[in-house]
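**Q** Have a look; sequence and predicted model below, questions after that.
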2 protein chains.
Amino acid sequence: MKVSARMDYAVRALLELGYHWPDTHPRQVREISRKAGVPQKFLIHILIALKNLGYVHSIRGKTGGYILALGPQDIKLADIVKQLGGLGSFDEQKRKTKKNDAVSLLWQEIDQRIIQTLKGVNLEDLCNRQRQHIKALSYDI
Amino acid sequence: MKVSARMDYAVRALLELGYHWPDTHPRQVREISRKAGVPQKFLIHILIALKNLGYVHSIRGKTGGYILALGPQDIKLADIVKQLGGLGSFDEQKRKTKKNDAVSLLWQEIDQRIIQTLKGVNLEDLCNRQRQHIKALSYDI
DNA sequence: TACTAACATGATTAACTTAGTAATGATAAT
DNA sequence: ATTATCATTACTAAGTTAATCATGTTAGTA
């Protein structure tokens, strides 16, 4: 599957914001950019998109930054992917092939499978996984 | 999920060749193009790719055309997708983000899920589904 | 043999998407 | 006022995709 940089970056930004929840200090774009490894000028646009979708709030001015607008448990990856279009979409409209045959049904079936997988993961899960991951790494040293 | 036209067309061409199996009359590009709704000039390249991968044989000359090189039960969609690169691929190489964290692991997990789904379908299944589909449609009239 | 209908191959192209930058503006704390 | 932040719009370079074009090769057949 091809995950766009945009989608990858969006999830990483959310992970950054959710990781220290419920500590809700605003995090600046610059900081998120550095920690998540996302180009700052690009990240701005992604954060604005996430804001418009209601996942984050922004705080302007000198002490500004971004915070989560919802609890991590209420941010489902399936929704993000759907709304951000992060997996591309099987745009059948432009093709001359039939849309109601075994082949198209197969593609739709796979789509459903992906959505099901994503529905099983919310930001809280992802934060927990990341914490476990960091922990496991520290034991390796 | 974004399925490329190339991939969609390839599967449709194979379905066309497998649908009347074990009748192995060569089917011409023109005929496949018409029935499957694939631009002929494009289809040629796709069929050559499928030939190089060993899924079809070509017969040149005046009575030529294409036939399956394997039985439909031996043509697995998972392989085709993998070899034709039809779903894009999560090219992490170019990104600055870490490759060994919870986010990357999630994308890999989804990849695995897709592959599992595709492993469950071979061309024989797809042909059967299509026959069922046609049958069901005819009852609707 | 010459013709013809098929497959073969490499080059090219137009449209689209993606990833990212640039320039400038708005907001709020100090 | 200054400054450090977010906001918005426009732009661009690179890559991908879908498709066509031009030309060559093969083999059946009159």
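**A** Structure's in. What do you need? Since we're looking at a predicted model, the values are computed, not measured.
**Q** May I have the helix or strand of chain A with the lowest mean pLDDT as CSV, with CA atoms only?
**A** Ranking every helix and strand in chain A by mean pLDDT, DSSP states H and E puts helix A:102-119 at the bottom, with a mean of 88. Output in CSV follows, covering the C-alpha atoms of helix A:102-119 (Å, rounded to 0.1, in the frame of the first residue of the first chain):
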residue,chain,number,x,y,z
ALA,A,102,-16.1,-9.3,-9.9
VAL,A,103,-13.0,-7.3,-10.3
SER,A,104,-14.4,-4.0,-8.9
LEU,A,105,-16.0,-5.9,-6.1
LEU,A,106,-12.6,-7.4,-5.2
TRP,A,107,-11.0,-4.0,-5.0
GLN,A,108,-13.9,-2.8,-2.8
GLU,A,109,-13.5,-5.8,-0.6
ILE,A,110,-9.9,-5.0,-0.1
ASP,A,111,-10.8,-1.4,0.7
GLN,A,112,-13.2,-2.7,3.4
ARG,A,113,-10.5,-4.8,4.9
ILE,A,114,-8.1,-1.9,5.2
ILE,A,115,-10.8,0.2,6.8
GLN,A,116,-11.6,-2.6,9.3
THR,A,117,-7.9,-2.7,10.3
LEU,A,118,-7.7,1.0,10.7
LYS,A,119,-10.9,1.1,12.7
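**Q** from the chain's centre, how far out does it sit?
**A** 20 Å (CA atoms, centre = their mean, to the nearest Å).
**Q** Just the element for residue A:66, please.
**A** Per DSSP states H and E, residue A:66 falls inside strand A:65-68.
**Q** Which phi and psi values does whichever residue of chain A sits closest to DNA strand C adopt?
**A** Using CB to the nearest atom of the strand, residue A:61 is the residue of chain A that sits closest to DNA strand C, at 2.3 Å. Backbone N, C-alpha and C define where each C-beta goes, glycine included. Main-chain dihedrals, residue A:61, degrees, to the nearest 10: phi 90, psi -180.
**Q** For it, give its distance to residue A:101.
**A** 56 Å (CB to CB, to the nearest Å).
**Q** Neighbour count: these two, which is higher?
**A** Just comparing residue A:61 and residue A:101: by other CB atoms under 10 Å in any protein chain shown the higher neighbour count belongs to residue A:101, 18 against 6.
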